[in-house]
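Novice: Build me a structure from this.
(one chain, ligands or ions: 2)
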Amino acid sequence: MRDDIILSIKDLNLVFHDHDAPETAVESFSLDLKEGEIVGLVGESGSGKSLTALAVAGLLPRHKLTASGSILYKDLDLLSISRKELRKIQGNDIGMIFQEPMTSLDPVKRAGTQVEESLRIHQPEIKKDERKKKALEMLAACGLNDPERVYRSYPHELSGGMRQRVMIAAAMIGAPRILIADEPTTALDVTVQAQIVKLLTDINKKQHTTMIFISHDLSLVRKIADRAIVMQNGNIVEEGESLDIFYNPKHEYTKKLVAAIPEVPQVTLTGGWINK
Ligand SMILES: Nc1ncnc2c1ncn2[C@@H]1O[C@H](COP(=O)(O)OP(=O)(O)O)[C@@H](O)[C@H]1O
Ligand SMILES: [Mg+2]
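Specialist: Ligands and ions are numbered 1, 2, ... in the order given. Purely as a prediction, here's the structure:
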């Protein structure tokens with residue numbers, strides 16, 4: 001693997017076998033992710049974006065689908081390593097955030113406890129006070145301006161945007177080298193969406209976190225991603241620099257995605273990620 005490539009997906013195929021006939025959800029997907037870049041995965045609902053992300057995060061529903069190909073990270077094939085090895089990588093090396101934090105945050109655990117989770121698992125030597133200090137710093141770094149209050153809150157006591165920031169804090173506290181964001185702003189209004197995108201680009205710049213940003217919205221992918229991959233029915237139909245894809249789409253399907261983009265107001269933002 002080339003030195004600047006942090007993750008290499010080769011010929012990934014994901015086939016469901018829980019029905020009478022096998023059903024291919026992702027076909028021959030390949031991607032070399034360069035250290036520090038943000039790659040956008042874009043496509044309509046059902047095109048295989050989330051399954052591709054789950055494959056990288058080691059979270060595939062293995063009981064109902066078969067995965068082939070390889071996902072190389074640090075000379076390990078994430079598709080074939082043991083659960084134990086995978087757990088070491090999850091959170092520590094590869095973090096993931098999802099569309100609706102309400103479903104991925106535990107409703108009965110305080111936000112602070114959930115932000116600290118990855119530290120408890122991967123760095124048990126860190127003492128309770130120190131852990132809390134790090135969690136508060138991370139909440140503040142993620143733009144939550146009353147971190148003490150958020151730390152004590154339950155998910156339902158926070159707004160959608162605040163919950164997404166808590167999710168990002170929980171993912172980033174382990175300082176993962178790769179962050180996968182699956183439609184992280186889809187459930188949010190336009191202003192909050194722009195703030196979250198700003199936070200993610202700040203993290204990318206300051207921490208050099210490599211990112212896979214998933215969205216059905218090509219205009220959003222254009223804003224955040226260096227490179228974009230367009231997926232349709234489990235296949236890559238077009239890829240290239242995201243600006244190029246946005247302004248000069250080649251494939252008919254991409255042209256349709258561009259045509260479907262509504263005009264959205266631009267939002268100017270301030271504030272940002274701390275240097276650790
Ligand atoms: N249990 C299942 N059996 C068969 N196909 C499935 C199953 N679950 C998901 N799929 C297929 O996987 C495809 C990709 O899903 P997904 O990765 O979630 O798409 P996206 O995130 O792009 O909306 C869906 O179109 C669906 O047909
Ligand atoms: Mg999805």
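
Novice: which stretches of the stretch 1-150 of the chain have low pLDDT?
Specialist: Residue ranges of the stretch 1-150 of the chain with pLDDT under 70: 101-102.

Novice: for it, what spans make up the helices?
Specialist: When assigned using DSSP state H, counting those that start in this stretch, the helices of the stretch 1-150 of the chain occupy the ranges 49-57, 83-89, 101-104, 111-122, 128-141, 147-152.

Novice: Which other helices and strands does the first one contact?
Specialist: Helices and strands touching helix 49-57, by 3 or more CB pairs under 8 Å, 6 or more residues apart in numbering; DSSP states H and E, are strand 5-16, strand 23-34, strand 38-42, strand 65-73, strand 94-97, strand 178-182, strand 210-215. Where you see a C-beta, it was placed from the backbone N, CA and C, and this is true even at glycine.

Novice: Now do the buried residues in the lengthiest helix in the chain.
Specialist: The longest helix of the chain (DSSP state H) is helix 190-207. For helix 190-207, burial by neighbour count (16 or more other CB atoms under 10 Å) applies to 192-204, 207.

Novice: what would these look like in CSV with pLDDT and distance to ligand 1?
Specialist: Below are the buried residues of helix 190-207 laid out as CSV (pLDDT from 0 to 100; distance: CB to the nearest ligand atom, whole Å):
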residue, pLDDT, distance to ligand 1
Val192, 92, 21
Gln193, 93, 18
Ala194, 94, 22
Gln195, 94, 23
Ile196, 94, 18
Val197, 95, 19
Lys198, 96, 24
Leu199, 96, 22
Leu200, 97, 18
Thr201, 97, 22
Asp202, 97, 26
Ile203, 97, 23
Asn204, 97, 22
Gln207, 94, 26
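
Novice: Distance to Leu220 for these - can I get that in JSON lines?
Specialist: Listed next are the buried residues of helix 190-207 as JSON lines, based on distance: CB to CB, whole Å:
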{"residue": "Val192", "distance to Leu220": "13"}
{"residue": "Gln193", "distance to Leu220": "7"}
{"residue": "Ala194", "distance to Leu220": "9"}
{"residue": "Gln195", "distance to Leu220": "13"}
{"residue": "Ile196", "distance to Leu220": "10"}
{"residue": "Val197", "distance to Leu220": "7"}
{"residue": "Lys198", "distance to Leu220": "12"}
{"residue": "Leu199", "distance to Leu220": "14"}
{"residue": "Leu200", "distance to Leu220": "11"}
{"residue": "Thr201", "distance to Leu220": "12"}
{"residue": "Asp202", "distance to Leu220": "16"}
{"residue": "Ile203", "distance to Leu220": "16"}
{"residue": "Asn204", "distance to Leu220": "15"}
{"residue": "Gln207", "distance to Leu220": "21"}
